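Undergrad: Provided below for reference: sequence and predicted model.
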Amino acid sequence: MNIDQLIDKFIDHILIEKNLSFNTAKAYKNDLFKFKKFIELKNVNLNKFDNNDITSFIIFLKGENYSPTSITRILSGIRNFYKFLIGRGYVKNPFINIESPKIEKRLPEVLTLDEINRVLNLTKISRAHLRNIAILELFYSSGIRVSELCNLKISDLNLEVGFVKVKGKGNRERIALLNKKVVELIREYLKERKWNNEYLFLNNRGNKISRQSIWKIVKKYSKFSGIEKNVKPHTFRHTFATHLLSEGVDLRIVQELLGHKSISTTEIYTHIDRKRIKEIYKRFHPRA
């Protein structure tokens, strides 16, 4: 089999057997095509891939201007690719253990309470304002991911109790909580919505809203609010977690609400909170 066929088999494996999302599989495929480009350029045999080739591949990626974070992600994907190849008997040599480039753990950017309020208290700025503000309020109310929000169905909602069923990474299902404001907004939006579709949020043609459309909404409303930060849909998720921890919510509860498989993923938000505490200390302590 050639490398294209092996990549296709691996993608089928993670989609069907591992039950990973289409977006995750697409990311894997993009990274493996970078590996394929290197393999073909250097004429390297998959069965003879060794430490020298790994070093050359890292140099190749640096030459293509990939950041240490991207290189680490790509190498992780290739490790998983090789595990699959070895497990299925497509290659014989074990994939060499390698150290990924050391990268500084960057803290995600978050919005202050004032900035969040400025976004969510905007008066009507578009024909689809009710839908858009419901989306933004839902992000901050529940901390859900943009892909999860796109895939929400009306049947997932329980507006009486105030929660929504969310299907996250690996098809793991969890309950996301809704505050009173977002419940009111969703009810108003559903009353005004003229399209009949099982999905909750629709575009102006009556189809399921796309990730790209939500990105545009986030950018537009952040700009109108006068926020200069690089706000993305995920910024609302980071802000949700950080604000909860700042108010003393237990880390395990935040982990459950975010749908993190491992608590180590959630722990990054404790670093954000410590940073905030340090900033407050420096600002207010007379001898700081």
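TA: Ah, there it is.

Undergrad: contacts, neighbours, all on C-alpha from now
TA: Fine.

Undergrad: ok, residue 33 to residue 26 distance?
TA: 11 Å (CA to CA, to the nearest Å).

Undergrad: residue boundaries of the helices in the stretch 151-288 of the chain?
TA: Applying DSSP state H, counting those that start in this stretch to the stretch 151-288 of the chain gives helices spanning 180-192, 211-224, 233-246, 251-258, 263-266, 268-284.

Undergrad: Could you give the number of residues near residue 21?
TA: 17 (other CA atoms under 10 Å).

Undergrad: Go ahead and confirm it touches residue 15.
TA: Yes: the pair residue 21 and residue 15 passes the contact test of CA atoms under 8 Å, sitting 6.6 Å apart.

Undergrad: Flag every buried residue along whatever helix or strand residue 40 lives in.
TA: Assigned by DSSP states H and E, residue 40 belongs to helix 22-42. For helix 22-42, a neighbour-count test (16 or more other CA atoms under 10 Å) marks 25, 28, 29, 31, 32, 35, 36, 38, 39 as buried.

Undergrad: mind checking the backbone torsions on residue 88?
TA: Note on residue 88: its backbone torsions stand at phi -90, psi 0 [degrees, to the nearest 10].

Undergrad: Could you count how many residues lie near it?
TA: Neighbours of residue 88 (other CA under 10 Å): 10.

Undergrad: what's the spacing between it and residue 149?
TA: To residue 149, residue 88 is 36 Å away according to CA to CA.

Undergrad: Equivalent analysis for residue 267, please.
TA: In this view, residue 267 and residue 149 are 23 Å apart by CA to CA.

Undergrad: which of those two has more neighbours?
TA: Shown here are residue 267 and residue 149; by other CA under 10 Å, residue 149 has more neighbours (23 against 14).

Undergrad: so that one, which of the three states?
TA: helix (DSSP: H, G, I helix; E, B strand; the rest coil).

Undergrad: Could I get the pLDDT score of it?
TA: Residue 149 is assigned a predicted lDDT (pLDDT) of 95.

Undergrad: same deal with residue 113?
TA: 92.

Undergrad: Also residue 118?
TA: The model's pLDDT for residue 118 equals 95.

Undergrad: Likewise for the one 10 residues further on?
TA: Model confidence at residue 128, given as pLDDT, is 93.

Undergrad: what's the answer for residue 106, then?
TA: pLDDT, residue 106: 62.

Undergrad: So what's the residue count around the closest residue to residue 36 other than its chain neighbours?
TA: Once flanking residues are discounted, residue 36 sits nearest to residue 3: 6.9 Å by CA to CA, 6 or more residues apart in numbering. Neighbourhood size, residue 3 [other CA under 10 Å]: 15.

Undergrad: measure residue 3 to residue 73 for me?
TA: Distance, residue 3 to residue 73, using CA to CA: 20 Å.

Undergrad: And residue 169, by the same measure?
TA: 17 Å.

Undergrad: quick one: pLDDT of the nearest residue to residue 155 once chain neighbours are set aside?
TA: Nearest in space to residue 155, with sequence neighbours left out and distances taken as CA to CA, 6+ apart, is residue 198 at 7.4 Å. As predicted, residue 198 sits at a pLDDT of 96.

Undergrad: same deal with residue 279?
TA: So, for residue 279, pLDDT stands at 68.

Undergrad: hang on, isn't the residue nearest to residue 155 packed against residue 153?
TA: Yes: under the criterion of CA under 8 Å, residue 198 makes contact with residue 153 at 5.5 Å.

Undergrad: All the strands of the stretch 51-200 of the chain, residue numbers only.
TA: Using DSSP state E, counting those that start in this stretch, the strands of the stretch 51-200 of the chain run over residues 157-158, 163-167, 173-177.

Undergrad: Return the most buried member of those.
TA: Across the strands of the stretch 51-200 of the chain, the average number of neighbours (mean count of other CA atoms under 10 Å) peaks for strand 163-167, which reaches a mean of 19.
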